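Trainee: quick one, fold the following:
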Amino acid sequence: MQKKKYNIAVEATLEVIGGKWKCVILCHLTHGKKRTSELKRLMPNITQKMLTQQLRELEEDGVINRIVYHEIPPKVEYELSEYGKSLEHILDALCAWGESHLTQVYGDKNEVLEESILNTK
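Mentor: Residues are numbered from 1 along each chain as shown. Okay, the predicted model is just below:
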């Protein structure tokens, strides 16, 4: 198998956490394990298909763990892996920059931010 070449290292980062939803999923998982239905409720604009796809990709990259409980009905939870926890400072920095950006553009960030546990920091 031929190794992929990157122009700069940030390309590798974006390959793992890039896209509209992956960072949002990861931010929610920094607050603990979540079931798929919980993530869907926390991100009402994501489709079920996209959520499933993004979770699979994050799991394949070793950033999250999928925990299956053998019970009826079946229960599945997702959590950050130890490797995924190394992204927490990056996610915090992205959130801080986003808040500064919203203040820069809109003045009062609270007028454009939805109420969420992630926005109470």
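
Trainee: report the longest helix in this structure, please.
Mentor: Looking across the chain with DSSP state H, the single longest helix is helix 88-106.

Trainee: what stretches of this structure score poorly on pLDDT?
Mentor: 1, 116-121 (pLDDT under 70).

Trainee: please enumerate the strands of this protein.
Mentor: Assigned by DSSP state E, the strands in the chain fall at 34-35, 64-69, 75-80.

Trainee: now tabulate these in TSV and tack on distance to L113 and mean neighbour count.
Mentor: Using the backbone N, CA and C atoms, a C-beta is placed for each residue, glycine as well. Below are the strands of the chain laid out as TSV (distance: least, C-beta to C-beta, whole Å; neighbours: other C-beta atoms under 10 Å):
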stretch	distance to L113	mean neighbour count
strand 34-35	20	16
strand 64-69	25	14
strand 75-80	23	16
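
Trainee: who wins for proximity to Y6 among the ones you listed?
Mentor: Nearest to Y6, of all the strands of the chain, is strand 64-69, at 22.5 Å by C-beta to C-beta.

Trainee: what comes into contact with the closest one?
Mentor: Residues outside strand 64-69 that contact it (C-beta atoms under 8 Å, 6 or more residues apart in numbering): 25-26, 29, 33, 55, 58-59, 74-81, 84.
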